[in-house]
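Participant: Can you look at this prediction? I've put the sequence above it.
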Amino acid sequence: MTLLRRRAALPALVMVASSACGGDDAVSGTGLSCGPGTMEASGVCVPAATSPEVTCGEGTEEVNGECAPTALAAGHFLSPLVQLQSLHEVGSHTDEVRVRDDGLLLNCSYTFNVIDAEDPAGMELLAGGLKHSIPDDTRTPGCKHLAWDDDLVFTTHLGNIRNPAFLSGWDISDPEAPAQLHVLREPGVSYEGVDVANHNIFVGLHGNGLGVYSYDGAVGFTRVGSLGGFTNAWGVAARDNQVFVADGVDGLVTVDATDPAQPIELGRVATGGQAKGVVVDGDFAYVAAGSAGVAVVDVSDLANPVVVGRAEMPGTPLRLAYSEHRLFVAAWNDVRVYDVSTPAAPTFIAAVRIPREFEYEDPDRELPTMRTFGVAARGRDVFIGTWENPYSYRLEPDRLAPNIRLPEAASRIDFGPVAIGDRKTLPLEVTNQGTAPLTLVDNWISGSAFSVEPRQARIEPGGKIELELTYAASARDPEIGYLHIVSDDPAAPVRKAYLVGNAPGVSVGAPLPATTGTMLDGTTWTSEESAGSVLLLTYFATFCPVCANHLPDTEERFWRKYKDQGLQIVALNPREPVEQIGQVQAYCDNIEITFPVGLEETASTYAAVTSSFPGPNPFPVDVIVGKDGIVRYASHEYDPDTMTAIIEQALAE
């Protein structure tokens, strides 16, 4: 493997314009002598740069009768989202964060945590690492969702092989010593989103609909009422006697809970995508809807909710927070902020990608993206629940700044096999999702086998360009390089992409190894059965919190859209033994996926693919295989936009 760390010299983009008259006091054919920097035109001396034959546009200048690019200068910006603190004492795999009026920040992760966030720059963990004790069960889970009624905090978990499904909570009268509440477990019931209004506890129960509960300290939880007719009741928002339920692919459902024993469905509207999270302000509900972005729904007439606007975005929006006419979105790979003063027309304010600390063997690699599932807001204070720990930020909404976005696939750009002496060029899309022009002042690659064009570029807000990355193979052994994108984005002045050519093992351009799975229906699947079809092979684990979001997104984004065009999707679990296949089935039933699912026998293909991806994220892993059985894409970072483009291209071949 060869790698050069020497930075290539930036070619001169500013050239000195010479006089058309040759030199000082040059004499033209008419006898006219023109001085330096001028030229003879129609018997008079004019500045050389204003030759009537040449008109140079913005970003160029006249040099020897031609327009040449001028060097681009970086702008000077301050970030609209300013990091205040990272609270490292809190357990990992945050799923939800919510902030209370009393300044307490509550956190569901592998544990339950209570944080004093009155001062967002000086957050203090009051009680952390709390796990739920489940009667007659040795597992001690954390939680996925939370809501509160005064000092009673109610928590839920959907359940998987390593964690039981339950409804429970904590009494935080003493926030430094929470006391666990009673536990409710109902046969065949999985608990998801939760909210409270009028002392009634509303819980999304996936295919079992909406459950209404009460809590008494002496007897625990009691099911008060239920409402069926849901596909996948997930996120819940309650206010007074009104309940709003995010119902997966069926969108938003409005419910009248005036009589909590007999809640009544009032209306529903398709939001597109996979509705997961919902927040409500006044006459508008905001729905996190996966590939459909955030749908803005007018709920002034509860019997006839109407989608009136949308904020499209990369990634997969999962949870939302609302504060002071601003919408905060936890969108898997970043947190995004929108001005919703005009609800039907959300306007982008800012976004932040948080890198995750990881010690790669090669220190030149860019840190991976932190998965982000939780967000809370209080005025301009923003609290972000990441894969590792909570962060606090301060929003400065009046600051205009560029904001660079690279595809998550940039974590490993695989050129595949290329013969010595041959060249291969791949595009890399760079987007400016910010509010001011983004200037790429220097694009360069360490690694002698690779090059990039253009070296500089300016991208207007909302615009994008494609960099051309070229690999000139000089060896049969693997060759690597690192693209450095130096820009004036104040939050990410340098972004990197990892480039590899002639990589060994299961990589782009290599055949998919023979793969076998024991499917949930008891049959055996082999990769040979997919010969001649485009295959999306996705790996998951039931204990992986992100997979409970990734698999439903795959269902909505790829399976429902492309299955009739010939796409096959197979999800394999490489971690659980065949003896637990029934529990894997229950997990898949909870999250409402319909494509084939099974357990990989020996997990050999999973091991071969992931050996190329050192890093902290073992799941999910996506592999796209063409009709010829050759791998077209492999990644352990979820990049649905890139996957969509590759799937559509492969289906068209």
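Facilitator: Received the coordinates, thanks.

Participant: can you pull up the bridge partners for C34?
Facilitator: C34 has these beta-bridge partners by DSSP bridges: A26.

Participant: Tell me the spacing between it and G43.
Facilitator: 11 Å (C-beta to C-beta, to the nearest Å). C-betas here are computed from N, CA, C, even on glycine.

Participant: Let me see the confidence value for C547.
Facilitator: Note for C547: predicted pLDDT of 89.

Participant: Tell me, how many residues neighbour the closest residue to it other than its chain neighbours?
Facilitator: Spatially, and ignoring its direct neighbours in sequence, C547 is nearest to F540 (4.0 Å; C-beta to C-beta, 6 or more residues apart in numbering). If you count neighbours by other C-beta atoms under 10 Å, F540 ends up with 25.

Participant: hang on, F540 packs against F619?
Facilitator: Yes - taking C-beta atoms under 8 Å as the definition, F540 is a contact partner of F619 at 5.7 Å.

Participant: ok, now which ones touch the most centrally placed residue in the chain?
Facilitator: Residue closest to the average C-alpha location in the chain (C-alpha atoms, centre = their mean): N333, at 2.7 Å. When contacts are counted by C-beta atoms under 8 Å, 6 or more residues apart in numbering, N333 touches 314-315, 353, 369, 371-372, 408, 638.

Participant: Over to V375?
Facilitator: Counting by C-beta under 8 Å, 6+ apart, V375 has contacts 97, 319-321, 328-330, 335, 382-385.

Participant: ok, now Q568?
Facilitator: 530, 533-536.

Participant: List only those of these flagged as buried.
Facilitator: 530, 534-536 (16 or more other C-beta atoms under 10 Å).

Participant: give me the number of residues near A147?
Facilitator: A147 has 24 nearby residues by other C-beta under 10 Å.

Participant: host element of it?
Facilitator: Here A147 sits within strand 145-149, counting by DSSP states H and E.

Participant: Can you mark which positions in that strand are buried?
Facilitator: 145-148.

Participant: Could you check how far the residue nearest to the centre of the chain is from I354?
Facilitator: N333 is 9 Å from I354, by C-beta to C-beta.

Participant: Now do the shared contacts for those two.
Facilitator: 369, 372.

Participant: Next, the contact list for I445, please.
Facilitator: Per C-beta under 8 Å, 6+ apart, neighbours of I445: 8, 451-452, 469, 481-484, 499.

Participant: and with 7 Å instead?
Facilitator: 451-452, 481-483 (C-beta atoms under 7 Å, 6 or more residues apart in numbering).

Participant: Wait, V287 touches L252, no?
Facilitator: Yes - counting by C-beta atoms under 7 Å, L252 is a contact partner of V287 at 5.2 Å.

Participant: how about S411, phi and psi?
Facilitator: phi -60, psi -20 (degrees, to the nearest 10).

Participant: Now it: closest residue in space that isn't a chain neighbour?
Facilitator: That would be E637: by C-beta to C-beta, 6+ apart, it lies 5.2 Å from S411.

Participant: what's the burial count for the one you found?
Facilitator: E637 - counted by other C-beta under 10 Å - has 21 other residues nearby.

Participant: for E361, same thing?
Facilitator: Quick note: E361 (other C-beta under 10 Å) scores 6 neighbours.

Participant: Likewise for E466?
Facilitator: E466 has 13 nearby residues by other C-beta under 10 Å.

Participant: show me the contacts for the residue nearest to C547.
Facilitator: 547, 550-551, 571, 573, 619-620.

Participant: Farthest-apart pair in these, please.
Facilitator: H550 and N573 (12.7 Å; C-beta to C-beta).

Participant: Now do the following helix or strand past the strand holding A147 and strand 145-149, the angle between them.
Facilitator: As assigned by DSSP H and E, the chain's next helix or strand after strand 145-149 is strand 152-157. Angle of strand 152-157 versus strand 145-149, following axes from the mean of the first three to the mean of the last three C-alpha atoms, to 10 degrees, is 160 degrees.

Participant: partner strands of strand 152-157, parallel or antiparallel?
Facilitator: Its sheet considered, strand 152-157 pairs with strand 145-149 (antiparallel), strand 166-171 (antiparallel) by DSSP bridges.

Participant: Any chance of TSV for the ones you listed, columns distance to E600?
Facilitator: Shown next, in TSV, are those (distance: least, C-beta to C-beta, whole Å):
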stretch	distance to E600
strand 145-149	30
strand 166-171	30
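
Participant: would a markdown table of these with distance to N64 and mean pLDDT be doable?
Facilitator: Formatted as a markdown table, those follow (distance: least, C-beta to C-beta, whole Å; pLDDT from 0 to 100):
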| stretch | distance to N64 | mean pLDDT |
| --- | --- | --- |
| strand 145-149 | 67 | 98 |
| strand 166-171 | 76 | 98 |
